[in-house]
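next come a sequence and a model predicted from it.
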Amino acid sequence: MTADRRKLLAGGLAVVAFGLLYRHVFGKLIHDWWYDDNYSHGFLIIPIAVYLAWERRHRLAAVRSQASVAGLLVVAASLIVLLAGILGSELFLTRISIVGTVAGSVLFLFGWRWLRTLAFPLAFLLLMIPLPAIIFNQIAFPLQLLASQAGALTLRSLEIPVLREGNVLILANTQLEVAEACSGIRSLVSLLTVAIMVGYFTDTRASVRLLIALSTIPVAIVANAARVAGTGIAAHNFGAGAAQGFIHEFSGWAVFLVAFLLMMLLQRAVVRLAPGRPPAGDPAATVA
């Protein structure tokens with residue numbers, strides 16, 4: 001049996017073992033993607049990561065693979081994390097071990113050069129993993145208060161009487177609660193995923209990619225504060241019904257679209273002020 005056939009066989013066995021080992025972890029993960037709107041984008045992460053890996057096929061073919069025993073250590077450490085997560089009923093640990101096991105397998109079968117080439121697709125997989133509840137709440141609650149404060153300030157500037165108590169806005173005819181779902185974290189998580197892809201495909205500079213990703217924080221905050229204020233204006237003028245139902249849900253999609261456009265405008269402004277070389281393989285670069 002040739003070396004290539006041995007590697008192919010070893011890779012096939014690793015995939016089968018991985019599937020058997022993590023079937024329950026993926027089952028619960030898919031359940032959360034389906035029922036938790038904050039992470040519904042998780043369905044897109046693996047296909048995108050596979051595409052990013054496939055995009056590197058020529059670079060991988062040009063790199064000589066050399067198996068590394070260090071990969072076994074990474075896999076072993078990841079399996080320990082998986083076991084700890086199972087015994088401690090900690091979903092985050094079981095899920096984060098997925099990325100470690102995949103990275104360790106690549107390192108063991110193909111070596112460090114392959115791992116470096118696939119570093120971005122592997123790191124991208126982290127976006128499919130929901131944050132631990134303790135961390136999620138530490139982010140969501142301040143965003144709720146910030147959206148409430150900004151919304152109340154906007155309403156007062158428009159001479160609409162409003163009293164804010166925590167994350168509750170009390171108007172003359174109704175009161176609005178800025179719930180966790182309205183904190184903006186949903187837009188922030190989805191925008192971050194989109195921003196990473198936009199930065200990856202539009203610029204090769206790490207600093208610009210990082211700037212685009214970080215821009216999602218103020219953009220999501222401003223856009224969500226505008227949504228809260230808009231909901232308050234609608235409730236003040238048209239009654240409490242205007243802050244619920246279809247209008248409320250539609251405003252969420254509209255705000256996300258506005259936030260996306262703001263992020264794209266920032267990206268175009270950065271490119272215009274500091275033009276750089278387009279990414280390798282970019283269609284624009286090929287035509288030029």
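Looks like it arrived, so ask away.

contact partners for the residue lying closest to Leu122 once chain neighbours are set aside?
Spatially, and ignoring its direct neighbours in sequence, Leu122 is nearest to Ala103 (5.2 Å; CB to CB, 6 or more residues apart in numbering). Glycine gets a C-beta too; all of them are placed from N, C-alpha and C. By CB atoms under 8 Å, 6 or more residues apart in numbering, the contact list for Ala103 reads 74, 115, 122.

is Ala103 in a helix, a strand, or coil?
helix (DSSP: H, G, I helix; E, B strand; the rest coil).

quick one: pLDDT of it?
The model reports Ala103 with a pLDDT of 94.

ditto for Leu214
At Leu214, the model reports a pLDDT of 88.

what separation is there between the residue nearest to Leu122 and Leu131?
Ala103 sits 20 Å away from Leu131, going by CB to CB, to the nearest Å.

one step back: want to throw the contacts of Ala103 into a markdown table with pLDDT?
As requested, these are exported to a markdown table (pLDDT from 0 to 100):
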| residue | pLDDT |
| --- | --- |
| Val74 | 94 |
| Leu115 | 94 |
| Leu122 | 95 |
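
just give me the closest of these to Lys28.
Within the contacts of Ala103, proximity to Lys28 (CB to CB) peaks at Leu122, which comes in at 21.3 Å.

OK, contacts around the closest one?
Listed by CB under 8 Å, 6+ apart, the contact partners of Leu122 are 49, 99, 102-103, 106, 115.

list only buried entries from these.
Neighbour counting with 16 or more other CB atoms under 10 Å marks 49, 99, 102-103, 106, 115 as buried within those.

got phi/psi on the residue lying closest to Leu60 once chain neighbours are set aside?
Among residues not flanking Leu60 along the chain, Thr117 sits closest, at 5.8 Å (CB to CB, 6+ apart). Dihedral angles of Thr117 (phi, psi; degrees, to the nearest 10) stand at phi -70, psi -30.

show me where this structure has its strands.
163-165, 168-170, 175-177 (DSSP state E).

the first one pairs with which strands, parallel or anti?
Sheet partners assigned to strand 163-165 using DSSP bridges are listed as strand 168-170 (antiparallel).

the strand it pairs with: which residues count as buried?
Result for strand 168-170 [16+ other CB under 10 Å]: buried residues Leu169.

centre of the chain to that strand, how far?
Relative to the centre of its chain, strand 168-170 is centred 30 Å away, using CA atoms, centre = their mean, to the nearest Å.

same question for stretch 91-103.
16 Å.

then stretch 212-227?
On CA atoms, centre = their mean, the centre of stretch 212-227 falls 14 Å from that of its chain.

now the helices for the stretch 1-150 of the chain?
3-35, 42-55, 57-62, 70-87, 91-110, 112-117, 119-124, 133-157 (DSSP state H, counting those that start in this stretch).

ok, Met264 - contacts?
Contacts for Met264 (CB under 8 Å, 6+ apart) come out as Val198.

can you give me the pLDDT of it?
Looking at Met264, its pLDDT reads 84.
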